[in-house]
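# fold the stuff below for me.
(2 chains)
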Amino acid sequence: MRNNGILRIVARFLIPLILLFALYIQFHGEYSPGGGFQAGVVFAAGWILFVLIYGLEAGLKVIPQRAMVVVMACGALLYAFIGLLGVLLGGHFLDFAPLLPSAPKGAQQAGIILVEFGVGMTVATVVMLIFTMFAGRKSQIHLIDGIPDSEPVTYPEMNQDNSANQSTDTAAETRD
Amino acid sequence: MTLIEWMPFSVLIPLIAAPVCALLPGRVLPWTLTFVSVLASAVICALVLPMAVGEGPLSYAFGNWPPPVGIEYRVDAVNALLALLISAIATIILPWARVSVNDEVPDRQGPFYALFLLAMSGLMGITLTGDVFNVFVFLEISSLSTYALIAHGKNRAALLASFRYLIMGTLGATFYLIGVGFLYIQTGTLNMVDLAERLPALADDRAIRTAFGFIIVGMGLKLALFPLHRWLPGAYSNAPSMVTVFLAATATKVAVYVLLRLVFSVFGVEFALAMPFEEIFFTLGAVGIFFASLSAIKQTSLKRMLAYSSVSQIGYIALAISLISTAGLSAGLVHIFNHALMKGALFMCVGAIVYRIGSDRFADLGGLAKQMPLTMLAFVLAGLSMIGVPLTAGFISKWALISAAIEAGNGYAVGIVLIGSLMAVIYIWRVVEIAYLQPAPDNADMSRRREVGLSMLIPLWILIAANFYFGIDTRLTLDIATRGAEVLMGMTP
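Coordinates of the predicted model:
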């Protein structure tokens, strides 16, 4: 799909908007519909669109798989840390009021934004990881049905990377 | 910090340790972190239990939002006992599991132990929370991580078993969620205490009755109530041994707890009596005991046999619940606790055998008692507890169940319990006969047939000792279970 000009240009135009919209959902989540989960999924969708157009290799250059795992854990830990901060300052778990004793409402807002940011990080990277794991599987279609050397199925109008991605779904069943 | 403020950390410590554990490299670090956090959780539970029994419900409001609005943890005699059981079993399993996990899951142990921590904290969360939607969230946390844990099994059948469990488990959780949705629409609250106050006025409401049905079926799937048990044997027999031990000892018990809590504390005894709850649970329990024991007798491998035996033990618990009396409920609770002890010990023996000879098929077990005397002796002793021989924990639960049945004037229940025990004698004896009286098979690899190391034997024998201790001293089990049954029957949660 790298060679299709319309797709490339539309994607180039859309991806920043998708990422921006994800951040909008993220940082307005505490008082309007949205929040970390939705924002994370939208953000990951932007990255997935990038991968569909430019290939998995380019996508993993933007964010390597190892980094995804680390960000995934860090998001959960950010949530836990903000939650525990309330306990350390003398309140309950996820109690944000002690963070800013002078302005309890502001403290709630800040606490929710921070916690939701952790959620967003984790959700975005988990969705990316799931996609990477499916997309990164090698084509094993020639092993199907006991025909050892049959030609891998190729799809016209697609380059090598993407045909591999397409065929893995069926190959997954018979993978050993 | 007071003890009440420490209480939620029995869930939070493993939950927070899980993402850290997923990042740790190697084998020693993930195991150590897991063990330390599970141990901390167990210590907190052990400290909370006497307070929860003595002072009644302990409440902790998350984020300091007062209960009907915010999420609260509410701990009384019932869930304090169950939380202690889960965390204590996890603590005993981990030292045992180390060599077994090295054998069965050689790579990427960080994520494996992280999943275990998530599963454990999910189960703990289900037991401690006082919010019906929060139950669903933790149910999903524990279920999803359990599916992944089962898929870690060595052979490819584990993937299929995990997928089957995923389908059935998701159905169960969805049914539960639909039930909770109906409750929320009709009452406008998710807090258990609040629900219990508002539901009596709506007892004739059709949506509430539908909710009751959905919750019963959903939880019936999760607790593997006959005939919804089909996922269980595959899941137990293909998962890594450590996962099997943990699941067999805890997972279905937590689903039983949710059922008890919702039926008796939230819907209330009158509501349950107005519905055909008694008849359904009695019939399914009785039929379940009989058919699952029959299936257990027919199996040709240890793990599957014990898995079917677990289904029949769930039948005893269902039978005890169906009596709808304080004595019946306390018999059910005691059996939840005691069954965890004996099934945990039995599956530990099987795990040790699989670790040594790489198989749990009966055909490979001949004469094994000569080479693995301590493991097989433990199997026999735990088997005696399973049958219900006096001086064992199993006797206490069967005794409590039979006396509850007599008190309720239900002669059939007494007969079914006795028949079930006799069938347990048959399937336990089959193993004893093969391991003690038959010669080793010709193709047996004698070099691998050795007794397992102390790291496996000590936790195993601790559980065996517990089986006998709780068969003699019933203060912890029977007394707290009776207290818990009173809480469930009489008061709001």
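
# count the residues that sit near the closest residue to residue B:248 other than its chain neighbours.
Excluding the flanking residues, the one nearest residue B:248 by Cβ to Cβ, 6 or more residues apart in numbering or on different chains is residue B:343, at 4.6 Å. For the C-beta atoms, the positions are set from N, CA and C on the backbone; glycine is no exception. Other residues lying near residue B:343 total 29 when counted by other Cβ atoms under 10 Å in any protein chain shown.

# what about the helix or strand harbouring residue B:343, average pLDDT?
Element membership for residue B:343 (DSSP states H and E) is helix B:326-357. Averaging pLDDT along helix B:326-357 gives 90.

# and that helix, how far out from the chain middle?
8 Å (Cα atoms, centre = their mean, to the nearest Å).

# tell me what it is packed against?
helix B:77-104, helix B:241-246, helix B:252-260, helix B:302-322, helix B:373-387, helix B:393-407, helix B:454-472, helix B:480-490 (3 or more Cβ pairs under 8 Å, 6 or more residues apart in numbering or on different chains; DSSP states H and E).

# just the angle between that helix and helix B:373-387, please?
Put simply, helix B:326-357 runs at 160 degrees to helix B:373-387, going by axes from the mean of the first three to the mean of the last three Cα atoms, to 10 degrees.

# who's in contact with residue B:355?
B:99, B:100, B:103, B:241, B:452, B:456 (Cβ atoms under 8 Å, 6 or more residues apart in numbering or on different chains).

# the residue nearest to the fourth one when sequence neighbours are not counted: neighbour count?
Counting by Cβ to Cβ, 6+ apart, the nearest residue to residue B:241 once its immediate chain neighbours are dropped is residue B:351, at 3.2 Å. Using other Cβ under 10 Å as the criterion, residue B:351 is surrounded by 30 other residues.

# same question for residue B:84.
Residue B:84: 24 surrounding residues under other Cβ under 10 Å.

# how about residue B:390?
Residues near residue B:390, counting by other Cβ under 10 Å: 12.

# got a list of what it touches?
residue B:471.

# report pLDDT for residue 101.
This is for chain A. Looking at residue A:101, its pLDDT stands at 79.

# that was the other one, I meant chain B.
With respect to pLDDT, residue B:101 scores 87.

# up against chain A, what does the stretch 101-250 of chain B have?
residue B:156 (Cβ under 8 Å from any Cβ of the partner chain).

# rerun that using 10 Å as the cut-off
Residues of the stretch 101-250 of chain B lying close to chain A (Cβ under 10 Å from any Cβ of the partner chain) are B:110, B:111, B:114, B:156.

# which SS state does residue B:73 fall under?
Look at residue B:73: counting by DSSP: H, G, I helix; E, B strand; the rest coil, its state is strand.

# with just CA atoms, put the helix or strand containing residue B:278 into PDB.
In the assignment (DSSP H and E), residue B:278 maps to helix B:277-298. Taking C-alpha atoms only, helix B:277-298 is exported to PDB below (Å, rounded to 0.1, in the frame of the first residue of the first chain):
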ATOM      1  CA  PHE B 277     -33.500 -22.000  44.100                       C
ATOM      2  CA  GLU B 278     -33.700 -24.800  46.600                       C
ATOM      3  CA  GLU B 279     -34.900 -27.400  44.100                       C
ATOM      4  CA  ILE B 280     -32.500 -26.400  41.300                       C
ATOM      5  CA  PHE B 281     -29.500 -26.500  43.500                       C
ATOM      6  CA  PHE B 282     -30.500 -29.700  45.300                       C
ATOM      7  CA  THR B 283     -31.100 -31.500  42.000                       C
ATOM      8  CA  LEU B 284     -28.000 -30.200  40.200                       C
ATOM      9  CA  GLY B 285     -25.800 -30.800  43.300                       C
ATOM     10  CA  ALA B 286     -27.100 -34.400  43.700                       C
ATOM     11  CA  VAL B 287     -26.900 -35.300  40.000                       C
ATOM     12  CA  GLY B 288     -23.500 -33.600  39.800                       C
ATOM     13  CA  ILE B 289     -22.000 -35.600  42.700                       C
ATOM     14  CA  PHE B 290     -23.200 -38.800  41.100                       C
ATOM     15  CA  PHE B 291     -22.200 -38.200  37.500                       C
ATOM     16  CA  ALA B 292     -19.000 -36.400  38.100                       C
ATOM     17  CA  SER B 293     -17.800 -39.200  40.500                       C
ATOM     18  CA  LEU B 294     -18.800 -41.700  37.900                       C
ATOM     19  CA  SER B 295     -16.700 -39.800  35.300                       C
ATOM     20  CA  ALA B 296     -13.800 -39.600  37.700                       C
ATOM     21  CA  ILE B 297     -13.900 -43.400  38.100                       C
ATOM     22  CA  LYS B 298     -13.800 -43.800  34.300                       C
END
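
# now the stretch 251-400 of chain B against chain A: closest residue?
Closest residue of the stretch 251-400 of chain B to chain A, Cβ to the nearest Cβ: residue B:358 (20.0 Å).

# what's downstream of the helix holding residue B:343, the next helix or strand?
Counting by DSSP H and E, the next helix or strand C-terminal to helix B:326-357 is helix B:368-371.

# would you mind measuring from residue B:346 to residue B:137?
According to Cβ to Cβ, to the nearest Å, residue B:346 and residue B:137 sit 32 Å apart.

# show me the contacts for residue 101.
Picking chain A for this. Taking Cβ atoms under 10 Å, 6 or more residues apart in numbering or on different chains, we find residue A:101 in contact with A:89, A:90, A:107.

# let me rephrase: I mean chain B.
B:27, B:30-31, B:94, B:109, B:112-113, B:116, B:152, B:240-243, B:355 are the contacts of residue B:101 under Cβ under 10 Å, 6+ apart.

# farthest pair within those residues?
For these, the maximum inter-member distance is 19.4 Å, found between B:30 and B:355 (Cβ to Cβ).

# tell me the phi and psi of the spatially most central residue of chain B?
Taking Cα atoms, centre = their mean, the centroid of chain B lies closest to residue B:250, which sits 2.5 Å from it. Phi and psi for residue B:250, reported as degrees, to the nearest 10, are phi -130, psi -40.

# which ones are touching the nearest residue to it once chain neighbours are set aside?
Nearest in space to residue B:250, with sequence neighbours left out and distances taken as Cβ to Cβ, 6+ apart, is residue B:86 at 4.9 Å. By Cβ under 10 Å, 6+ apart, the contact set of residue B:86 is B:10, B:38, B:41-42, B:45, B:120-121, B:123-124, B:126-127, B:246, B:249-251, B:253-254, B:257, B:340.

# tally of neighbours for residue B:185?
Residue B:185 sits with 11 neighbouring residues when counted by other Cβ under 10 Å.

# which helix or strand contains it?
Counting by DSSP H and E, residue B:185 is found in helix B:157-187.

# which stretches of the chain have low pLDDT?
Picked chain A for this. By pLDDT under 70, the low-scoring segments of chain A are A:1-2, A:138-176.

# that was the other one, I meant chain B.
Applying pLDDT under 70 to chain B picks out residues B:491-493.

# so what's the residue lying closest to residue B:320 once chain neighbours are set aside up against?
The shortest distance from residue B:320 to any non-neighbouring residue, by Cβ to Cβ, 6+ apart, is to residue B:332 (3.6 Å). The contact partners of residue B:332, by Cβ under 10 Å, 6+ apart, come to B:256-257, B:260, B:316-323, B:397, B:400-401, B:404, B:481, B:484-485, B:488.
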